[in-house]
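**Q** Based on what follows, work out the 3D shape:
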Amino acid sequence: MTSTTTQTTETNGSGQEASHSVAGISADEIALYDRQIRLWGMKAQEKIRSANILLITMKALANEIAKNLVLAGIGSLTINDHAVVSEADLGAQFFLSAEDGHLGQNRAVAASAALQRLNPRVKVVVDTDDIRTKHSSFYSSFDIIIATDLDADTHNVINTATRIHNRKFYAAGSHGLYGFLFADLIEHDFVIERQRANLPTTLGPETRTRSIISVAPKEPENSKNDIELVTKRELYSTWLLASSDASHLPTEILSSPRRKRAVTPVLSCLRALWQFTSTFGVPPTGPELLTNHTALAAFTQMCSDKHKALGLPAETLRSEVLRSFLQNVGAELAPVAAVLGGQLAQDVINVLGQTQQPVQNFVVFSGETMEANVYALHPREGELGRGLLPVTMGVIDAAAEVAGREANEQVDLTKLGGQHLGQQPSSQMEGVEQQAGQAIGVSAESTGGVGQQQPPAAEEGSGVGPGSGAGNS
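**A** Numbering: from 1, shown residues only. Here you go, the predicted structure:
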């Protein structure tokens, strides 16, 4: 069993132990969180205050998420990262600085002190283990798990564990000007207030994922009050389904040529990126890959295949889109991280408060268009929510997990489902030209020169930032 290295910080700015009220919210907390209590109410703030959240990989995106969650007053935040601070980290992460000697330190440890200073009332826990060594039981103690900047296979393993333990899961990643958010809340209920209509509200499905499960008057004793409380339920798919060709865009998009043309091609590029990384063990980044014509041909073909599988018109996947995406893979831009991190943190707050519609279920952001488009990506048929097989790595993996739990044993998910995960050592990239060429049967000339330019330098005042108005469209 893998040992866990943790560090807990519960002190205020003067070094004194921060006080936590056991029951209810103290007067000091009410004063501190007054503005947000006015927005989502005291009950929602109490739920936020008791939340225990895990945040994985402390890079620029996770910095923004952590900042927003800590300032909102959650109960506990565990930050996990086994990597050390590099020169590149110093350029995009505001919790780190060379002056404070963070270079070479563990990323989570280095960020924890500044994060704690933002709100001494929040319990900050540091975990320096490699997340890939964690057993499925590790996730059972958290209310929400947020995994950032990981490969698709690791997202799948973590999401499998969160499904086993009925925990809500978010995945997110940023690549220069582009990024994504994903949510698997399994089944999530929330309550909205609205004016009572002339006709009674009908219980039942509204969409494939959302249904109305109950309606009640806000003030039953007041017959003149026409406000009703409507409880709705959203059903979700797993990462494995939503990120692959098994899921599709909603019918209302696919049935409209205009709406299909409006779907961002970045979605196809992201799916191709996940497939490429899973197949070859490394992402299509770095000069050795950006000048490898067969690797570029493989990625281009994957993008084309993903675009076609989504039912999108070929003309919207232009060569300049592919070139720009490849030039941004693996890069970090603080303004883009601020937009994505702010949106994800806000959705987490909404989910905890249960008074707002949550994200369903993919958000794709483009800094070029300043749009964050939401797409509900699910299989066309079959059950959603808890009706899905909780373990998404195959029947053999499910049987192994169940057997381990029945025997009260710790099951290491990293040892399960090898062929399902497509895990390959990075050394396999040495033969990428032969493998990719045989797989797709295309020549280097067919790439059209994608990725031959060097990544552009980030410019100040690009207009990308948290106040830019990026939202759901």
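
**Q** what about residue 358, neighbour count?
**A** For residue 358, the neighbour count with other C-beta atoms under 10 Å is 17. C-beta here means a position set from N, CA and C on the backbone, and glycine is covered the same way.

**Q** Which residue ranges of the stretch 51-200 of the chain form helices?
**A** Under the criterion DSSP state H, counting those that start in this stretch, the stretch 51-200 of the chain carries helices at the ranges 60-72, 87-90, 107-118, 152-164.

**Q** got the ones you listed as JSON lines, with mean neighbour count and distance to residue 220 columns?
**A** Output for the helices of the stretch 51-200 of the chain, formatted as JSON lines (neighbours: other C-beta atoms under 10 Å; distance: least, C-beta to C-beta, whole Å):
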{"stretch": "helix 60-72", "mean neighbour count": "25", "distance to residue 220": "32"}
{"stretch": "helix 87-90", "mean neighbour count": "14", "distance to residue 220": "55"}
{"stretch": "helix 107-118", "mean neighbour count": "22", "distance to residue 220": "42"}
{"stretch": "helix 152-164", "mean neighbour count": "24", "distance to residue 220": "37"}
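
**Q** can you put these in JSON lines and add distance to residue 198 and mean pLDDT?
**A** Shown next, in JSON lines, are the helices of the stretch 51-200 of the chain (distance: least, C-beta to C-beta, whole Å; pLDDT from 0 to 100):
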{"stretch": "helix 60-72", "distance to residue 198": "38", "mean pLDDT": "95"}
{"stretch": "helix 87-90", "distance to residue 198": "58", "mean pLDDT": "85"}
{"stretch": "helix 107-118", "distance to residue 198": "48", "mean pLDDT": "93"}
{"stretch": "helix 152-164", "distance to residue 198": "42", "mean pLDDT": "94"}
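
**Q** so which of those helices comes closest to residue 32?
**A** helix 60-72 (10.0 Å; C-beta to C-beta).

**Q** Any idea which of the helices of the stretch 51-200 of the chain gets closest to residue 190?
**A** Closest among the helices of the stretch 51-200 of the chain, once you apply C-beta to C-beta, is helix 60-72, at 17.3 Å.

**Q** circling back: now render the helices of the stretch 51-200 of the chain as JSON lines, adding distance to residue 370.
**A** As requested, the helices of the stretch 51-200 of the chain are exported to JSON lines (distance: least, C-beta to C-beta, whole Å):
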{"stretch": "helix 60-72", "distance to residue 370": "17"}
{"stretch": "helix 87-90", "distance to residue 370": "25"}
{"stretch": "helix 107-118", "distance to residue 370": "27"}
{"stretch": "helix 152-164", "distance to residue 370": "26"}
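
**Q** out of these, which comes closest to residue 137?
**A** So among the helices of the stretch 51-200 of the chain, helix 152-164 is nearest, using C-beta to C-beta, at 8.3 Å.

**Q** For that closest one, C-alpha coordinates in CSV please.
**A** Extracted in CSV, the C-alpha atoms of helix 152-164 (Å, rounded to 0.1, in the frame of the first residue of the first chain):
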residue,chain,number,x,y,z
ALA,A,152,-7.2,11.1,-20.5
ASP,A,153,-6.3,7.7,-19.1
THR,A,154,-5.6,9.1,-15.7
HIS,A,155,-8.9,11.0,-15.8
ASN,A,156,-10.6,7.7,-16.6
VAL,A,157,-9.0,5.9,-13.6
ILE,A,158,-9.9,8.7,-11.2
ASN,A,159,-13.4,9.0,-12.5
THR,A,160,-13.9,5.3,-12.1
ALA,A,161,-12.9,5.5,-8.5
THR,A,162,-15.2,8.5,-7.9
ARG,A,163,-18.1,6.5,-9.4
ILE,A,164,-17.3,3.5,-7.2
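
**Q** Figure out how far that helix is from the centre of its chain.
**A** 12 Å (C-alpha atoms, centre = their mean, to the nearest Å).

**Q** What are the boundaries of the strands in the chain?
**A** Taking DSSP state E as the criterion, the chain carries its strands at 6-9, 52-56, 76-80, 123-127, 144-148, 168-175, 178-184, 187-195, 204-205, 210-217, 227-235, 362-366, 371-375.

**Q** pLDDT weak spots in this protein?
**A** 1-24, 223, 288, 290, 389-473 (pLDDT under 70).

**Q** most centrally placed residue in it?
**A** Among the residues of the chain, residue 171 comes closest to the average C-alpha position under C-alpha atoms, centre = their mean, at 2.2 Å.

**Q** among the strands of the chain, which is nearest residue 328?
**A** Nearest of those (C-beta to C-beta): strand 168-175, 4.9 Å.

**Q** Check the contact between residue 37 and residue 45; I expect there is one.
**A** Yes. Counting by C-beta atoms under 8 Å, residue 45 is a contact partner of residue 37 at 5.1 Å.

**Q** what about those two, which has more around it?
**A** residue 45 (24 against 20).

**Q** From residue 158, how far out is residue 383?
**A** Residue 383 sits at a distance of 22 Å from residue 158 (criterion: C-beta to C-beta, to the nearest Å).

**Q** Please apply the same query to residue 168.
**A** 12 Å.

**Q** what residues do these two have in common as contacts?
**A** Taking C-beta atoms under 8 Å, 6 or more residues apart in numbering as the criterion, residue 168 and residue 158 both touch residue 145.

**Q** for the closest residue to residue 103 other than its chain neighbours, what are its contacts?
**A** The shortest distance from residue 103 to any residue other than its chain neighbours is 5.4 Å, reached at residue 85 (C-beta to C-beta, 6 or more residues apart in numbering). Contacts for residue 85 were tallied using C-beta under 8 Å, 6+ apart; they are 96, 102-107, 110.

**Q** Report the buried members of these.
**A** 96, 102-103, 106-107, 110 (16 or more other C-beta atoms under 10 Å).

**Q** Which one of these is nearest to residue 177?
**A** residue 96 (22.2 Å).

**Q** Give me the phi and psi for the closest one.
**A** phi -110, psi 150 (degrees, to the nearest 10).

**Q** Could you measure from it over to residue 111?
**A** 6 Å.

**Q** And residue 276, how close does it get to residue 198?
**A** 54 Å.

**Q** what does residue 273 give?
**A** 50 Å.

**Q** okay, residue 276 and residue 198: which has more neighbours?
**A** In this view residue 276 and residue 198 are compared by other C-beta under 10 Å, and residue 276 has more residues nearby, 23 against 4.

**Q** sorry, back to before: now the contacts of residue 85 in CSV, with distance to residue 247?
**A** Converted to CSV, the contacts of residue 85 look like this (distance: C-beta to C-beta, whole Å):
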residue, distance to residue 247
96, 37
102, 40
103, 42
104, 42
105, 40
106, 36
107, 32
110, 38
